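> would you be able to build a 3D model of this:
(2 chains)
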There are 2 protein chains.
Amino acid sequence: MRRMPSDVKSLIQEGAELTDRALEALIPGTDVVPASIHGAMRHSTFAGGKRLRPVLAIQAAATIAGEVPKGIERLGAALEMLHTYSLIHDDLPALDNDDLRRGKPTCHKAFGEAIAILAGDALQTRAFEVLAGLDAPPAAVVKIIGLIANAVGTVDGMIGGQVLDLESEHAKPTPELVAAIHRAKTGALIRVSVVAGGVYGGATADDVTRLDLFGRKAGLAFQIVDDVLDMTVDSAHLGKTAGKDQATEKATWPAVFGIEQSRRDAASLMHEALAALEPYGSRADGLKSVARYLVERKN
Amino acid sequence: MRRMPSDVKSLIQEGAELTDRALEALIPGTDVVPASIHGAMRHSTFAGGKRLRPVLAIQAAATIAGEVPKGIERLGAALEMLHTYSLIHDDLPALDNDDLRRGKPTCHKAFGEAIAILAGDALQTRAFEVLAGLDAPPAAVVKIIGLIANAVGTVDGMIGGQVLDLESEHAKPTPELVAAIHRAKTGALIRVSVVAGGVYGGATADDVTRLDLFGRKAGLAFQIVDDVLDMTVDSAHLGKTAGKDQATEKATWPAVFGIEQSRRDAASLMHEALAALEPYGSRADGLKSVARYLVERKN
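Numbering: from 1, shown residues only, chains lettered A, B, ... in the order given. Sure thing, here's the model as predicted:
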């Protein structure tokens, strides 16, 4: 029922604010026992994330439904909880061993390793609890939960990508390996954000196929842009330690294909992504403009 | 449609075997990339667990449906995955720092900390994916997922109990604290195993209330028996390091109430638990006999 703002920055900001209010309501406060874990969950959830996945889910839902459907922000909040949980665990000493994220101490630096492990666990659990409470027909809710669980799982999903990434450090990156890592580690959750948003908006099987194609191409384009920015922008403009991928010899797109080819690949993937949305005409304008904005960003 | 075996040991063994076959089919093998994480998930899942939660779910479903309903073993497998994930994370160096569980190296000893953290994460994810694929009406599936996510969460759920337990080490245990830890850390998942099994079997709201009461009382009785066995049985008979609760000054029932009172409490809780099943007459015989067996066990 909500009006969609006409320019892309307002569109993103409005989606992020809607998500933040939902997250605020859905994650217990530090007045609820045990305080420490709720504090840790909130510390990492409210650490300045761009709410990219919720914004994509909202715009995908609006593309299908013709308007932003009521309650979609709870789906967005669940996606953001899953993303945040993966960052908390990725930052742990046994994995990437990062002390800072977005300029703030990582969860284990602020709360200790034990609470950080459990806070990540709890954000995953809470995400599925929130999904089970979505205001949509039960068959759509079951479908959304199955799709999302698959996308964060081990087989071509987020956790599988974390494992590949971990095991590929200091190995020579090949095109196949870097594509597999990107598809799984960050691509799968971005792709399912678009598809799940569409299902919430009432997507048919054909809609799901189109949104899946869009999400797959656009998700890879975002990640390539991320990799390029890591190599070309200094830390102050990036808001995180620049050049870290190179220092740890991570398998990135520019490491395999070079920066110029990476920029061309991102542009061409985005072209294919946008083409998948043609059947929706102007109803997909919001989703298209958000995707375009994300690949054209400078930090 | 399956016949229920007449004696309790066969009942438990048959339920455990049904669960094992489902777990075998539902957790990817090491022939699926990435091999390491699937190996780690299997290492801990097939480490000799008694499949207590699946057996309770199966018997609760049979109590309501009058027979063991088709496909219930997938619900059982999901519950066992959640239990296993909690053990893997609990054993980590940052938490309990255990090298052995059931006489085998813990997950991080066998696969390293990074893979153990991700294997726990992945078992949680896979559990929710399996639940979303249950062969039951979508409304029942959504209800089961919501109940289970709540039971493993932070507010009076499993993760909340792990946090309380962690933060109570070396603190003087009070009756309120030990009751809160037991209710949350182990009680909530046992209780929801019974309730979710019932919902799968077609439970009404009244059935849910009765099964919830049974699960709450019986779950606490099992945990008290566990605590007593930890203090009174030697390691060889227990299959794990005996006396560990005392050594780490964990808040246990006998530490607060003494061994004799603990035994009396377990018996009286079991009496109340069984009373909640009276309306089902002989249809609850399986569930009752399993519960009785569990509080009367010697290791």
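
> for chain A, give me the ranges with low pLDDT.
Across chain A, the ranges flagged by pLDDT under 70 are A:1-6, A:234-249, A:299.

> show me where it has strands.
A:100-101, A:104-105 (DSSP state E).

> who's in contact with stretch A:260-274?
Contacts to stretch A:260-274, defined as Cβ atoms under 8 Å, 6 or more residues apart in numbering or on different chains, come from residues A:213-218, A:220-221, A:224-225, A:227-228, A:253-254, A:257, A:288, A:291-292, A:295. Bear in mind the C-beta positions are built from the backbone N, C-alpha and C, glycine included.

> OK, contacts around the spatially most central residue of chain A?
For chain A, the residue lying nearest the average C-alpha position, counting by Cα atoms, centre = their mean, turns out to be A:Arg53 (4.3 Å). Residues counted as contacts of A:Arg53 (Cβ under 8 Å, 6+ apart) are A:76, A:79-80, A:83, A:189-190, A:193.

> could you identify the buried members of these?
Buried subset of the contacts of A:Arg53 (neighbour count, 16 or more other Cβ atoms under 10 Å in any protein chain shown): A:76, A:79-80, A:83, A:189-190, A:193.

> quick one: which of the strands of chain A is nearest B:Leu147?
Proximity to B:Leu147, assessed across the strands of chain A by Cβ to Cβ, is greatest for strand A:100-101 (33.4 Å).

> the closest one: how far from the chain's middle?
The offset between the C-alpha centroid of strand A:100-101 and the centroid of the whole chain comes to 17 Å, using Cα atoms, centre = their mean, to the nearest Å.

> equivalent analysis for stretch A:254-262, please.
The chain centroid and the centroid of stretch A:254-262 are separated by 23 Å under Cα atoms, centre = their mean.

> against B:Gly153, how distant is A:Glu129?
Noted for A:Glu129: a distance of 6 Å to B:Gly153, by Cβ to Cβ, to the nearest Å.

> just A:Thr106 next, same as before
Spatial separation of A:Thr106 from B:Gly153 under the definition Cβ to Cβ is 23 Å.

> need the residues of the stretch 151-299 of chain A near chain B, please.
Remark: the part of the stretch 151-299 of chain A in contact with chain B comprises A:152-155, A:157, A:159-160, A:162-164, A:166-167, using Cβ under 8 Å from any Cβ of the partner chain.

> just the residues you listed: which are in helices?
Of these, the ones assigned to helices by DSSP state H are A:159-160, A:162-164, A:166-167.

> how about these in JSON lines, adding neighbour count?
Converted to JSON lines, those look like this (neighbours: other Cβ atoms under 10 Å in any protein chain shown):
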{"residue": "A:Ile159", "neighbour count": "25"}
{"residue": "A:Gly160", "neighbour count": "27"}
{"residue": "A:Gln162", "neighbour count": "28"}
{"residue": "A:Val163", "neighbour count": "26"}
{"residue": "A:Leu164", "neighbour count": "23"}
{"residue": "A:Leu166", "neighbour count": "21"}
{"residue": "A:Glu167", "neighbour count": "17"}
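
> from those, which two are the most distant?
For these, the farthest-apart pair by Cβ to Cβ is A:Ile159 and A:Glu167; their separation is 12.7 Å.

> mind jotting down where the helices sit in the stretch 151-299 of chain A?
Shown for the stretch 151-299 of chain A, the helices assigned by DSSP state H, counting those that start in this stretch span residues A:158-168, A:175-182, A:188-200, A:205-232, A:235-238, A:244-247, A:253-257, A:259-275, A:285-296.

> how about A:Asn97, what does it touch?
Residues touching A:Asn97, when contacts are defined by Cβ under 8 Å, 6+ apart, comprise A:Asp91.

> if we go to 10 Å?
A:90-91, A:106, A:108, A:248 (Cβ atoms under 10 Å, 6 or more residues apart in numbering or on different chains).

> out of those, who's the most crowded?
Ranked by neighbour count under the definition other Cβ atoms under 10 Å in any protein chain shown, the contacts of A:Asn97 are headed by A:His108 with 26 neighbours.

> run a quick neighbour tally on A:Val33.
Applying the criterion other Cβ under 10 Å, we find 17 residues in the vicinity of A:Val33.

> what distance do you get for A:Gln173 to B:Leu52?
I think there's a mix-up here, since residue A:173 is Pro and not Gln. Counting by Cβ to Cβ, the gap from A:Pro173 to B:Leu52 is 45 Å.

> quick one: A:Asp20 and chain B, what's the gap?
20 Å (Cβ to the nearest Cβ, to the nearest Å).

> residues touching A:Ile190, list them.
Under the criterion of Cβ under 10 Å, 6+ apart, the contact partners of A:Ile190 comprise A:52-53, A:56-57, A:79, A:83, A:151, A:158, A:215-216, A:218-223, A:294.

> one more time with 6 Å, if that's ok
Contacts of A:Ile190 were listed using Cβ atoms under 6 Å, 6 or more residues apart in numbering or on different chains, and they are A:Gly219.
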